[in-house]
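K.L.:
Here is the input, now give the coordinates:
(one chain, ligands or ions: 1)
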Amino acid sequence: MTSPFNQRAAAAIADADLKEALKSATEKFAGLRQKAFESTAAPLALRAKAREIREHTFNHLDSHLETLFRSLEKNGVQVHTAPDAGAAVGHVLAIARAHGVQSVVKSKSMASEEIHLNHHLEAAGIQPFETDLGEWIIQLAGETPSHLIAPAIHKTRAQVARLFAEKVDPNAGDDPAELTNLARQTLRGEFLRAGMGISGVNFAIAETGTLCLVTNEGNGRMVTTLPKVHVAIMGLEKVVPTVEECMTLLAVLPRSGTGQKITSYFTMLTGPRSAKEADGPDEVHLILLDGGRTRHLGGAFQEAFHCIRCGACLNVCPVFQTVGGHAYDSIYGGPIGSILSPMLRGLDAAGELPAASSLCGACLEVCPVFVDIPRMLLEMRSARVSRADASLPERAAFRAAGFAMRHPALWEMGQSLFAFALRLLAKKEGWAMGPLRAWTEKRALPYPPRETFRARWRKREKILAQKKNASPDGAPDEKSANAGAVQKVRRALASGHGIAHGNIPAPPAILPEVAVPDAPARFLEEFAAVSGKPRRAKDTEAAREYIIEIARRFPDRPVALSADLTLPVAEWLFEAGIETIAPADAGDDRENIARAGVGITGCAWAIAETGTIVLYSGEGRPRLHSLLPEVHLALIPEDRIIRHLSALGPRLQEVLGGAPGQRPSCVNLITGPSRSADIELTLVEGVHGPREVHAILLPAGGGASGGSAAENGSPFLLEEE
Ligand code: SF4
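P.N.:
Below you'll find the model as predicted:
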């Protein structure tokens, strides 16, 4: 009898659209990933460091959880632990009912998928809106995600177009940019109306009680800023001890997942808004889901929790590439899903998944934290076979194999006999009987090699020994061969293209960084590379002209201004007859800010290595100014530019560890405009957040006082970089 997985796999293989969608997406992802890691100084060392962090975290998870709880409480975040899905759903519904919530907006959260939250919300009369484009597509289609980071990877653009025409707008075309814009227009109103926002969590930093989201579309920021109540749901594996360690994981997650150095948004949330902040939720809740996880702590599969959900192992897995995510019939598909699903749902429900692997090892090779999936797949297969309820023939077969493997002579004899038998049957279809028939029904076995591996190995050893004896100075020959091998390994380690296969190098105490000799120049270069629009201002007049030029592109729409501007922008715009929304007026005037064509902010820091603008929320610095308008323009004094992402860690540690009421409720790292590639991996800019991000680089100090930059001897010119 064909197993349920095989039945689903057979249906998937017969689906030509699925085949096309999977091939194009997984190939693109794999190529982007490789390029992104090449932009680091020592990719393998970086990954080894990330692995070390995950391993260490889980070896001391109890104390990190304690610290996290303490920090969250200090920040005013209400924590609810949920032993299972029912308890987690119960917490969400109780919070929603307490606030009379009728609709919720959700950003991507695998934990919420795990507990089937949408179904329960709908049953309770609460309308959930998925707002990640891929998640919205599958919500409209009534399906489940088929990939960890690209939920609609299984759909072609034509299928999405048909779906939108049927469910959203009969006139919808099939251009990904148009379809994305349709999602932006349709969901904008829901963001502004919803009583509650529900998000997942990528990292929860224990030392500061900070919940972090890694997103691209801007919907994560909307969900955690606009509704008055924010509920975050996470499995306990999302804990990270410190800000600094979080920065290391941030350096590998987007590179491995989407092939980006950093996503458009990295959002760090520390709790409800303070009395001085104009926007942000009044209440923040964290639901910490166990859902079967603690059963596996300290066990053979604990390593699966090291996973940071980048999805890279799915993209390189030959089984996933062929059958897609739905064949796994689980929220978590692909190689890591074949481990996580049986762990969380039990071997009865998902025990056949570990067999859905060729054990080729590609998953381990690409994993940014070296999760040894092949080892766990084998152990899980073994656990399933040793169970009393495994079928008798299955147990007998594995026992016989185990016995033979423990007796080398018997094993070798068996190999020879087996190879002989296979040679007789090779190239013949449909020869197997009973449950083995499926193996030969539609394919013929290739001829087995004439020699076994052991025989070839012995031959090789013999040849090497002969060569050595024949050499007048055998030792130097071997030495040079060894030296060559060492060189090869050294090159692989340095370039990061080595294959780990369980031998993970020890990371250096200090990770090497790429050289950034000229930080402002590098910032401008990187900012342009992520579709940002950078300028350098030679003087305040040049900056004034450019700001007015941008504002005039949106006639009859106001400009929202933050209070941290180092130039008299409000004055300039007033003189030019352009309406402004001053920070003091802003309050929670979301409709008005949504009307703004341009939002202008200063910045706390800017990062040269990634072209990132860092914003702290606070008095006069609303989060919405960089989120709702069509264009976000940031003024960046040159002395706020730091070279590397890692250098931001200590600065963030200081600000996030500040006293309650003093620390920002939100820190955003913004790298280019909002973007999505959820439709056939076609990149579209301007999803839920700004369509354009501009940066004007100002002389140190921001040019606010002491005359123009030119007078201060600045070499800057206003020019498009
Ligand atoms: S197991 Fe590794 S490669 Fe797979 S999703 Fe997790 S972190 Fe990524």
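K.L.:
The closest residue to the ligand within the stretch 501-650 of the chain: neighbour count?
P.N.:
Here the stretch 501-650 of the chain gets closest to the ligand at one residue, I504, 12.7 Å apart by C-beta to the nearest ligand atom. (Glycine included, C-beta is placed from N, CA and C.) Using other C-beta atoms under 10 Å, I504 is surrounded by 17 other residues.
K.L.:
And R188, how close does it get to the ligand?
P.N.:
Remark: distance between R188 and the ligand (C-beta to the nearest ligand atom, to the nearest Å) = 32 Å.
K.L.:
so that residue sits in a helix?
P.N.:
Yes: counting by DSSP: H, G, I helix; E, B strand; the rest coil, R188 is part of a helix.
K.L.:
residue ranges for the helices of the stretch 601-721 of the chain, please.
P.N.:
Counting by DSSP state H, counting those that start in this stretch, the stretch 601-721 of the chain has helices at residues 648-656.
K.L.:
Please disregard the earlier target; I meant the stretch 1-150 of the chain.
P.N.:
Under DSSP H, counting those that start in this stretch, the stretch 1-150 of the chain gives helices at 4-13, 16-38, 43-59, 61-75, 85-98, 110-114, 117-123, 133-141.
K.L.:
wait, which of those helices is closest to T208?
P.N.:
helix 61-75 (5.8 Å; C-beta to C-beta).
K.L.:
can you list the residues of the stretch 1-150 of the chain near the ligand?
P.N.:
Counting by C-beta under 6 Å from any ligand atom, the residues of the stretch 1-150 of the chain close to the ligand are L148.
K.L.:
low-scoring stretches of the stretch 1-150 of the chain, by residue?
P.N.:
1 (pLDDT under 70).
K.L.:
Residue of the stretch 351-500 of the chain closest to the ligand, please.
P.N.:
Going by C-beta to the nearest ligand atom, the ligand is nearest to C367 of the stretch 351-500 of the chain, at 3.3 Å.
K.L.:
Number of residues surrounding that residue?
P.N.:
Around C367 there are 26 residues (other C-beta under 10 Å).
K.L.:
Wait, it touches M376, no?
P.N.:
No: counting by C-beta atoms under 8 Å, C367 sits too far from M376 to count as a contact (11.8 Å).
K.L.:
circling back: could you pull up the residues touching the residue of the stretch 501-650 of the chain closest to the ligand?
P.N.:
Shown in contact with I504 (C-beta atoms under 8 Å, 6 or more residues apart in numbering): 48, 51, 370.
K.L.:
Quick check: chain neighbours aside, which residue is closest to the first one?
P.N.:
Same thing as A48. Spatial nearest neighbour of A48, excluding adjacent residues (C-beta to C-beta, 6 or more residues apart in numbering): P507 at 4.1 Å.
K.L.:
Please tell me how far that neighbour sits from L297.
P.N.:
From P507 over to L297 the distance is 24 Å, taken as C-beta to C-beta, to the nearest Å.
K.L.:
Same check on I593?
P.N.:
45 Å.
K.L.:
So which of those two has more stuff around it?
P.N.:
Neighbour count, other C-beta under 10 Å: between I593 and L297, I593 has more, with 23 against 15.
K.L.:
Secondary structure element holding the more buried one?
P.N.:
helix 590-595 (DSSP states H and E).
K.L.:
And that helix, what's buried?
P.N.:
Neighbour counts over helix 590-595 (16 or more other C-beta atoms under 10 Å) mark 590, 592-595 as buried.
K.L.:
and if you look at stretch 6-16?
P.N.:
Within stretch 6-16, the residues scored as buried using 16+ other C-beta under 10 Å are 6, 8-9, 12.
K.L.:
next one: stretch 281-299
P.N.:
Buried residues in stretch 281-299, counted by 16+ other C-beta under 10 Å: 281, 283-293, 296.
K.L.:
Please apply the same query to stretch 268-276.
P.N.:
Here stretch 268-276 shows 268-274 as buried, counting by 16+ other C-beta under 10 Å.
K.L.:
again with stretch 310-319
P.N.:
Applying a neighbour-count criterion of 16+ other C-beta under 10 Å, one finds 310-317, 319 buried in stretch 310-319.
K.L.:
Can you give me the distance of the residue nearest the centre of the chain to S24?
P.N.:
Nearest to the mean C-alpha position of the chain, counting by C-alpha atoms, centre = their mean, stands C310 at 4.6 Å. Per C-beta to C-beta, C310 is found 19 Å from S24.
K.L.:
And for S264?
P.N.:
Counting by C-beta to C-beta, the gap between S264 and S24 amounts to 23 Å.
K.L.:
Same check on P335?
P.N.:
With distances taken as C-beta to C-beta, P335 is found 20 Å from S24.
K.L.:
same thing with H116?
P.N.:
Noted for H116: a distance of 30 Å to S24, by C-beta to C-beta.
K.L.:
Likewise for A506?
P.N.:
Separation of A506 from S24 (C-beta to C-beta) stands at 38 Å.
K.L.:
and what of E122?
P.N.:
Going from E122 to S24 by C-beta to C-beta gives 33 Å.
K.L.:
between these two, which one's more packed in?
P.N.:
Per other C-beta under 10 Å, whichever of E122 and S24 has more neighbours is S24, with 15 against 11.
K.L.:
Next, the residue of the stretch 351-500 of the chain closest to the ligand: phi, psi?
P.N.:
Reported as degrees, to the nearest 10, the phi and psi values for C367 are phi -60, psi 130.
K.L.:
Now for it: which residues touch it?
P.N.:
Contact partners of C367, counting by C-beta under 8 Å, 6+ apart, are 256, 307, 312-313, 373.
K.L.:
Contact residues of this protein facing the ligand?
P.N.:
Going by C-beta under 6 Å from any ligand atom, the residues of the chain near the ligand are 148, 256, 307-313, 336, 366-369, 371.
K.L.:
quick one on the thing from earlier: now pLDDT too, for the buried residues of helix 590-595, in JSON lines please.
P.N.:
Converted to JSON lines, those look like this (pLDDT from 0 to 100):
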{"residue": "R590", "pLDDT": "88"}
{"residue": "N592", "pLDDT": "88"}
{"residue": "I593", "pLDDT": "92"}
{"residue": "A594", "pLDDT": "92"}
{"residue": "R595", "pLDDT": "94"}
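K.L.:
Pick the one among these closest to G618.
P.N.:
The shortest approach to G618 among those belongs to I593, at 16.4 Å (C-beta to C-beta).
K.L.:
I figured the closest one hits A560, correct?
P.N.:
Yes: with contact defined as C-beta under 8 Å, I593 reaches A560; the gap is 5.2 Å.
K.L.:
Provide a list of residues in contact with the closest residue to A327 other than its chain neighbours.
P.N.:
Sequence neighbours aside, R8 is the residue nearest to A327 in space, at 4.3 Å (criterion: C-beta to C-beta, 6+ apart). By C-beta under 8 Å, 6+ apart, R8 lies in contact with 323, 326-329.
K.L.:
can you check A300 too?
P.N.:
A300 makes contact with 376, 379, according to C-beta under 8 Å, 6+ apart.
K.L.:
what's the spacing between it and F574?
P.N.:
Taking C-beta to C-beta, one finds A300 at 68 Å from F574.
K.L.:
now swap in T682 and tell me
P.N.:
Taking C-beta to C-beta, one finds T682 at 42 Å from F574.
K.L.:
What are the boundaries of the helices in the stretch 301-450 of the chain?
P.N.:
Taking DSSP H, counting those that start in this stretch to define them, one finds helices in the stretch 301-450 of the chain at 312-316, 318-323, 334-345, 347-350, 362-366, 373-386, 392-405, 408-425, 437-441.
K.L.:
Report the contact partners of the residue of the stretch 101-250 of the chain found nearest the ligand.
P.N.:
Closest residue of the stretch 101-250 of the chain to the ligand, C-beta to the nearest ligand atom: L148 (5.8 Å). Neighbouring residues of L148 by C-beta under 8 Å, 6+ apart: 110, 257, 309-311, 314, 332, 334, 336.
K.L.:
10 Å - rerun?
P.N.:
108, 110, 257, 307-315, 325, 331-334, 336-337 (C-beta atoms under 10 Å, 6 or more residues apart in numbering).
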